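Q: build me a structure from this.
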Amino acid sequence: MHELAIAESIVAAVTEKVAGSPIRRVQVEVGTLSGVVPDALRFSFELACVGTELQDAELDIISAPGRGRCRSCAAEFDTNDFLALCECGSIDIEVLGGRELRIREVEVV
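A: Alright, predicted model coming up:
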């Protein structure tokens, strides 16, 4: 479960930047193509927060849609599929979005 390692990294990054202040909420952006399972991240976040300034913090997850561009016909399209297929039939797809995993906002008490 790599979500626990991600949650621990989020807690460490927030604690480092906002040391000594209780945190109310952390908002993260998670792409649909990032391989992160939001429910597993929420569960892991609760575990990682125990005994830290984030003890009672809420994790707010914003989903970032997948987006691709066909290298054959240059068509752009939304996708939530790891193995995207363009309408032209090509599988030569450049991923433009959906791999995001970033802290967007921290709300301090």
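
Q: contacts, neighbours, all on C-alpha from now
A: Noted.

Q: from Pro38, how far off is the closest residue to Glu100 other than its chain neighbours?
A: Nearest non-adjacent residue to Glu100, counting by Cα to Cα, 6 or more residues apart in numbering: Gly31, 4.6 Å away. Between Gly31 and Pro38 the distance is 10 Å, computed by Cα to Cα, to the nearest Å.

Q: looking at those two, which is more packed in?
A: Neighbours were tallied for Gly31 and for Pro38 using other Cα atoms under 10 Å; the higher tally belongs to Gly31 (24 against 17).

Q: tell me what the more buried one is bridged to.
A: Assessed by DSSP bridges, Gly31 has beta-bridge partners Ala64.

Q: which residue packs closest to the residue nearest the centre of the chain, ignoring adjacent ones?
A: Central residue check for the chain by Cα atoms, centre = their mean: the C-alpha nearest the mean position is that of Val30, 2.1 Å away. Here the nearest residue to Val30 in space, its sequence neighbours aside, is Leu101; by Cα to Cα, 6+ apart that works out to 4.7 Å.

Q: quick one: the residue nearest to Glu100 from Ser72, how far?
A: In this structure, Gly31 lies at 24 Å from Ser72, with Cα to Cα as the measure.

Q: again, but for Val109
A: Counting by Cα to Cα, the gap from Val109 to Ser72 is 51 Å.

Q: who has more neighbours out of those two?
A: Set side by side, Val109 and Ser72 show unequal neighbour counts under other Cα under 10 Å, the larger going to Ser72 at 13 against 9.

Q: average pLDDT across the longest helix along the chain?
A: Within the chain, and with DSSP state H defining each element, the longest helix by residue count is helix 2-17. Model confidence over helix 2-17, given as mean pLDDT, is 95.

Q: so the residue of the chain most remote from its centre versus Asp81, what's the distance?
A: Of all residues in the chain, the one whose C-alpha sits farthest from the chain's mean C-alpha position, using Cα atoms, centre = their mean, is Cys88 at 30.1 Å. Taking Cα to Cα as the criterion, Cys88 is separated from Asp81 by 16 Å.
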